[in-house]
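Participant: structure of the sequence below:
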Amino acid sequence: MPALVLTETAFSPMSLLRCLIPSLMLILTGSAHAEQALQMSGELASPTTLNFGAAPPPVIPRLPDPSQEVKDDLPPIPTIDLTTPPDDLWQRMRNGFSMPDLDSPLVADRQAWYLNRPDLLKRIFERSRRYLHHIVAELEKRGMPTELALLPIVESSYNPLAYSSARALGMWQFIPSTGKTYKLQQNAWFDQRRDIVASTSAALDYLQTIYEMHGDWHLALASYNWGENAVGRAVAKNQAKGLPTDYLHLKMPVETSYYVPKLQAIKNIIAQPQLFGISLDPIPNRPYFGTVERNGNMDIALAARLAEIPVEEFIALNPAYSRPVMPTEANSPLVLPAEKVQTFLANLQSHEAQDKPLSAWLTHKLKKGESLDKVAGRYGISAVRLKQLNGINARTKITPGFALLVPGKDAIGYESLAARLPQTPSTPPRVTKWKKGKPGAKRKGVSVKIRKAPAAKPAVKPKKR
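Facilitator: The predicted structure is shown next:
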């Protein structure tokens, strides 16, 4: 084997440099990769001492910071806070709407009818302010749909003195027989069908009864207008024919077929007045009136004076009375504006402390051969006023022994009171039946009215309350 000969050229500086350059490049490249890896792992790791002897932790992807997310431009969903009573009674009522909506062309028809009469709606809503809070509160107590508080708009335009061709009377339009069934007293002195508190209680009792009978609010309302037995027969007929038995599929009188659509139309307007260009004046969500128990006879004019309110306002809240005196047997509390209850009680205490009577009216029994003109002259009033104060009309039978109410020397305000006392007309107004499909239509400026023929069966005639 030849000997290894190391020459000078083998260890020259240039030779060494050429051998070391590749190694240095590998070292530098490896260092750069290692530093980059350390930086990446440092971002993911918690700030603890690195352990080069342990295996590197798994790389966990970082979740996005919620605060850096892109916000949605959509408006927030409106919410209703049912725990805090709203300031506006209309909103309180809307919160309690729970009756199924009725989808019918007749709803749009009635909606247009009301919207074309904004002045009428305004008058009705203004009239309802006295009574609406009481009715909504009573419905809530019973767990009933609050849109039923709008039913007096359909029935009477919220007029407690309304009187129909079917002899239905009051805000809830009770006929005499149904009124007696629900213990509403009716006589020459007072008629509780006009009483705000008593008639509301009776109407809600009746509505609950007919709802439980049918299990459907639309059929209950049809019963309120037409009669529960008539609706029951209509349902039975459809069942026998295999037809649907809901409100829209029953064969009913025209008045009843428009009845629920009227209520639905009013409900739609109240629910979204801005949609229809209607401005609803807010109604404070607090009681409009309070009640005071009464013992003994009391003059209407005196009660209004003690409460320091106009007689017109007193009668609007106590419309049941037909005479100047509220008799003991009426057994109804006085209804007064809430802010006037304490005023009334204080003035009443002062009045009684002076030993003044609560009634200054007297009873005069007609003697044989005695005329009304002679009695009126004796007490210093006109015969017309005497008749008004006693509800005497052309059909009233005047015989000896007839009791007349006449003013005593301390009676107050009877002249103005006589013309304002609620009276039930001796004969109901003529029956009006509008042409089918055109309720309330007019031709050449004259209302189209058709006399209703005598019904062959009681079921044909709307018979309720």
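Participant: just give the nearest non-adjacent residue to residue 87, would you?
Facilitator: residue 285 (5.7 Å; Cβ to Cβ, 6 or more residues apart in numbering). C-beta coordinates here come from the backbone N, C-alpha and C atoms, glycine included.
Participant: give me the domain ranges for this protein.
Facilitator: Per automatic domain parsing, the structural domains of the chain span 89-184+193-276, 289-418.
Participant: just say which of those is most tucked in.
Facilitator: domain 89-184+193-276 (a mean of 19; mean count of other Cβ atoms under 10 Å).
Participant: ends of that one, what's the gap?
Facilitator: With Cα to Cα, to the nearest Å as the measure, domain 89-184+193-276 spans 19 Å from end to end.
Participant: also stretch 370-381?
Facilitator: 16 Å.
Participant: which residue packs closest to residue 293, ignoring adjacent ones?
Facilitator: Using Cβ to Cβ, 6+ apart, the closest residue to residue 293 is residue 333 (5.2 Å).
Participant: so the one you found sits against residue 196, correct?
Facilitator: No: using Cβ atoms under 8 Å as the test, residue 333 is too far from residue 196 to be in contact (10.6 Å).
Participant: got the CA positions of stretch 181-196 in CSV?
Facilitator: Taking Å, rounded to 0.1, in the frame of the first residue of the first chain, the C-alpha atoms of stretch 181-196 are listed here in CSV:
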residue,chain,number,x,y,z
THR,A,181,-131.7,36.0,32.9
TYR,A,182,-128.6,37.7,34.0
LYS,A,183,-130.3,39.6,36.9
LEU,A,184,-130.4,43.0,35.3
GLN,A,185,-133.3,44.9,37.0
GLN,A,186,-135.7,46.7,34.7
ASN,A,187,-138.5,49.0,35.9
ALA,A,188,-139.9,52.5,35.5
TRP,A,189,-137.2,53.9,37.8
PHE,A,190,-134.1,52.4,36.4
ASP,A,191,-132.8,49.8,33.9
GLN,A,192,-129.6,48.0,34.7
ARG,A,193,-129.1,47.1,31.1
ARG,A,194,-127.8,50.7,30.9
ASP,A,195,-125.7,50.4,34.1
ILE,A,196,-122.0,50.4,33.2
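Participant: any idea of the mean pLDDT in it?
Facilitator: For stretch 181-196, mean pLDDT rounds to 95.
Participant: show me how far it is from its chain's centre.
Facilitator: 24 Å (Cα atoms, centre = their mean, to the nearest Å).
Participant: what's next to it, contact-wise?
Facilitator: Outside stretch 181-196, the residues within contact range by Cβ atoms under 8 Å, 6 or more residues apart in numbering are 130-131, 134, 160-161, 169-172, 174, 176, 179-180, 198-199, 202, 205-206, 289, 317-323, 325-327, 329-332, 335, 391, 422, 424.
Participant: what about those, which are in strands?
Facilitator: 289, 325-326, 335 (DSSP state E).
Participant: roughly how far does the residue nearest to residue 87 sit from residue 85?
Facilitator: Counting by Cβ to Cβ, to the nearest Å, the gap from residue 285 to residue 85 is 6 Å.
Participant: who's more crowded, the two?
Facilitator: Neighbour totals were compared for residue 285 and residue 85, and residue 285 leads with 17 against 13 (other Cβ atoms under 10 Å).
Participant: so that one touches residue 93, yeah?
Facilitator: No: counting by Cβ under 8 Å, residue 285 sits too far from residue 93 to count as a contact (9.5 Å).
Participant: does residue 213 belong to a helix, a strand or coil?
Facilitator: What DSSP: H, G, I helix; E, B strand; the rest coil gives for residue 213 is helix.
Participant: contact partners for the closest residue to it other than its chain neighbours?
Facilitator: Residue nearest to residue 213 in three dimensions, not counting chain neighbours: residue 228, with 5.8 Å by Cβ to Cβ, 6+ apart. Residue 228 makes contact with 210, 213-214 under the criterion Cβ under 8 Å, 6+ apart.
Participant: redo these as TSV? Include pLDDT and distance to residue 126.
Facilitator: Formatted as TSV, the contacts of residue 228 follow (pLDDT from 0 to 100; distance: Cβ to Cβ, whole Å):
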residue	pLDDT	distance to residue 126
210	98	30
213	96	35
214	96	34
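Participant: from those, pick the one nearest residue 399.
Facilitator: The closest of these to residue 399 turns out to be residue 210 (Cβ to Cβ; 42.0 Å).
Participant: verify the stated contact: that closest one with residue 225.
Facilitator: No: in this structure residue 210 lies outside contact range of residue 225 using Cβ under 8 Å: 10.6 Å.
Participant: need the overlap of contacts for those two.
Facilitator: Between them, residue 210 and residue 225 share no contacting residue, judged by Cβ under 8 Å, 6+ apart.
Participant: distance from the helix or strand residue 141 falls within to the middle of the chain?
Facilitator: Here residue 141 sits within helix 132-142, counting by DSSP states H and E. Helix 132-142 has its C-alpha centroid displaced from the chain centroid by 8 Å (Cα atoms, centre = their mean).
Participant: what about whichever helix or strand comes after it, average pLDDT?
Facilitator: From helix 132-142 onward toward the C-terminus, using DSSP H and E, the following helix or strand is helix 151-156. Averaging pLDDT along helix 151-156 yields 98.
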